[in-house]
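> Give me a model of this one.
(one chain, ligands or ions: 1)
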Amino acid sequence: MQIAIINGPNLNLLGKREPGIYGSTSFEEYFVGLQAMFPAVSFHYFQSNVEGELINEIQRVGFSYDGIVINPGGYTHTSIALGDAIAAITTPVVEVHVSNVHAREDFRKISHVSAKAKGTIAGLGLMGYELAVRALIEK
Ligand SMILES: O=C1C[C@@](O)(C(=O)O)C[C@@H](O)[C@@H]1O
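Just a heads-up that it's a prediction; the model follows:
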């Protein structure tokens, strides 16, 4: 089983960035444990701060992989093109947010991705990624 994890802008700074909101673990550290939790899954990790690169990656994996876990970062709230890319592909997508976007500024309550995703997990920290993987495996 092949699952792609796609992280959007500023998520390369997890662990350093606003640790009170996003925690003090980097994604790279967390990813080691995540892979150990699901030995039967072949993971591919991609992070970019560039909207078009995220769309290219969604298109690249979106017709052959078994699942995509995406945290689109700030593009969640602004990018119609990212939502369109998720609507265009056949691979199921689970949207993850480390923080509880519904308990923060109003602009974070809007997502151009949620309606195109199988489901959304928000506010459970990095654990959201493992829950998303479980959902993709069990569906
Ligand atoms: O960059 C991010 C991270 C985020 O997607 C999260 O994981 O909580 C929430 C977004 O609002 C924010 O722009």
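
> which parts of the chain sit against the ligand?
The chain comes close to the ligand at residues Asn10, Asn71, Gly73, Gly74, Thr76, His97, Val98, Ser99, Val101, Arg108, as judged by CB under 6 Å from any ligand atom. Bear in mind the C-beta positions are built from the backbone N, C-alpha and C, glycine included.

> Skipping its backbone neighbours, what lies nearest the first one in space?
Translated: Asn10. Distance criterion CB to CB, 6 or more residues apart in numbering; nearest residue to Asn10, sequence neighbours excluded, is Gly73 at 5.5 Å.

> That neighbour is in contact with Ile6, isn't it?
No: applying CB atoms under 8 Å, one finds Gly73 not in contact with Ile6, separated by 10.2 Å.

> Looking at the two, which one has more neighbours?
Taking other CB atoms under 10 Å, Gly73 and Ile6 do not tie; Ile6 has more neighbours (23 against 20).

> And the host helix or strand of that one, what's buried?
Using DSSP states H and E, Ile6 sits within strand 2-7. By neighbour count on 16 or more other CB atoms under 10 Å, the buried set for strand 2-7 is Ile3, Ala4, Ile5, Ile6, Asn7.

> so what strands line up beside that strand?
Sheet pairing here is set by DSSP bridges, and for strand 2-7 it gives strand 42-47 (parallel), strand 67-71 (parallel).

> Mean neighbour count, the ones you listed: which tops it?
strand 67-71 (a mean of 26; mean count of other CB atoms under 10 Å).

> The residue nearest the centre of the chain pairs with what?
By CA atoms, centre = their mean, the mean C-alpha position of the chain lies nearest to Ile70, the distance being 2.0 Å. Beta-bridge partners for Ile70, by DSSP bridges, are Ile6, Glu95.
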